[in-house]
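>>> From the sequence below, what's the structure:
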Amino acid sequence: MNTRSTVEDLFRRRTQPVGDGHLDWTGYRNKKGTATLHWNGGTHGALRVAYRIRTGQDPIGYAHATCEHPGCVAPEHAADSAVTPRRGHHTGPINRQPSSSDDQVKTLLREGLNDRQIGRSLRTSPKRVARLRAELELPSFHNRPLTFDDRWDANTEPVDGGHIRWTGRLREGTSPAVHHERRYVSPRRIVFERLHGRAAVGRVLPGCGYGPCVRAEHLEDQPMRDQLAKQYAAIFGEVAA
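Next comes the predicted model:
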């Protein structure tokens, strides 16, 4: 075999189009009848390779075909059981309640933890976490880690008056916090520094009068509050004189 070829190249040489977008497998099948490739000293399921061709990443659960054509291995018909349950398969024991709520899982997803971390933390299945990740339309952690902007979008919402409300984690019940660069920090401080191009001094708080606001244009640090206090004193001092 050409050592420069890939498992995907071998997959394509072992398939045959049969119409309607289906692909039949012409290669080896194991004792269970599963389409399998032997490549580079390892064994690879054909449907897992098909899923990787379509998405650029390995499935978290089992790879399976979503069509009804027997034995189809077309990449366009390959799905991940962690995201799309297989027809006729249960995702868990009947009537068994999950150990954590969907909201708890979604909170950690928005904070940027990966599926296995959340599974260990909440004692739930990473496959369930992956399904909820897909519902939130968050990028796969295996594709790329969440950025601050991803977390910002997932944990904020616009409200009346031009304010932006933080819907994510709160420190001490009041202060917004976001997981960023392996620690929890204030999202207000990050967007303030992005807007003003300088480090914030002291606490960054909304000056708009709306307590939960995190909109960068509505935030003030200590020097800005001091300057505003001097302006008020000057204005009211002139009036009093």
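>>> contacting residues around the residue most central in space within the chain?
Nearest to the geometric centre of the chain sits residue 138, at 3.3 Å (C-alpha atoms, centre = their mean). Contacts for residue 138 (C-beta atoms under 8 Å, 6 or more residues apart in numbering) come out as 109-110, 146, 150, 154. Where C-beta positions appear, they are placed from N, C-alpha and C, glycine not excepted.
>>> ok, residue 11 - how many residues close by?
Residue 11 has 25 neighbours, counted by other C-beta atoms under 10 Å.
>>> That one against residue 45, yeah?
No - here residue 11 does not reach residue 45: they are 10.3 Å apart, not a contact under C-beta atoms under 8 Å.
>>> Touching both of these two, which residues are there?
In contact with both residue 11 and residue 45: residue 37, using C-beta under 8 Å, 6+ apart.
>>> ok, residue 25 - how many residues close by?
Neighbours of residue 25 under the rule other C-beta under 10 Å: 20.
>>> Actually, residue 158.
Neighbours around residue 158, by other C-beta under 10 Å: 10.
>>> Doesn't it belong to a strand?
Yes - assigned with DSSP: H, G, I helix; E, B strand; the rest coil, residue 158 falls within a strand.
>>> Name the nearest residue to it, ignoring sequence neighbours.
residue 164 (5.7 Å; C-beta to C-beta, 6 or more residues apart in numbering).
>>> likewise residue 47?
Using C-beta to C-beta, 6+ apart, the closest residue to residue 47 is residue 63 (3.8 Å).
>>> That neighbour against residue 51, yeah?
Yes - the criterion here is C-beta under 8 Å, and residue 63 meets it with residue 51 at 4.6 Å.
>>> can you give me the strands in this structure?
15-17, 23-25, 36-39, 42-45, 63-65, 78-80, 156-159, 163-166, 170-171, 175-176, 178-180, 183-185, 205-206, 219-220 (DSSP state E).
>>> if you compare those strands, which one is most tucked away?
Highest mean neighbour count of those: strand 78-80, a mean of 24 (counted as mean count of other C-beta atoms under 10 Å).
>>> what helices or strands is that strand leaning on?
Identification of packing neighbours for strand 78-80 by 3 or more C-beta pairs under 8 Å, 6 or more residues apart in numbering; DSSP states H and E yields helix 46-55, strand 63-65.
>>> to the chain's geometric centre, what's the distance from that strand?
Mean-position distance between strand 78-80 and its chain equals 18 Å (C-alpha atoms, centre = their mean, to the nearest Å).
>>> Can you give the domain ranges for the protein?
7-80, 90-143, 147-241 (automatic domain parsing).
>>> Convert the helix ranked longest in the chain to PDB, retaining C-alpha atoms only.
Longest helix of the chain, by residue count under DSSP state H: helix 222-240. Taking C-alpha atoms only, helix 222-240 is exported to PDB below (Å, rounded to 0.1, in the frame of the first residue of the first chain):
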ATOM      1  CA  GLN A 222     -13.000  53.700  39.700                       C
ATOM      2  CA  PRO A 223     -11.200  56.600  37.800                       C
ATOM      3  CA  MET A 224     -14.300  57.200  35.700                       C
ATOM      4  CA  ARG A 225     -16.500  57.300  38.800                       C
ATOM      5  CA  ASP A 226     -14.000  59.700  40.500                       C
ATOM      6  CA  GLN A 227     -14.100  62.000  37.400                       C
ATOM      7  CA  LEU A 228     -17.800  61.900  37.300                       C
ATOM      8  CA  ALA A 229     -18.000  62.800  41.000                       C
ATOM      9  CA  LYS A 230     -15.700  65.800  40.400                       C
ATOM     10  CA  GLN A 231     -17.900  67.000  37.500                       C
ATOM     11  CA  TYR A 232     -21.000  66.800  39.700                       C
ATOM     12  CA  ALA A 233     -19.300  68.700  42.500                       C
ATOM     13  CA  ALA A 234     -18.200  71.400  40.100                       C
ATOM     14  CA  ILE A 235     -21.700  71.700  38.600                       C
ATOM     15  CA  PHE A 236     -23.500  71.800  41.900                       C
ATOM     16  CA  GLY A 237     -20.900  74.000  43.500                       C
ATOM     17  CA  GLU A 238     -21.400  76.600  40.800                       C
ATOM     18  CA  VAL A 239     -25.100  76.500  41.300                       C
ATOM     19  CA  ALA A 240     -24.800  76.900  45.000                       C
END
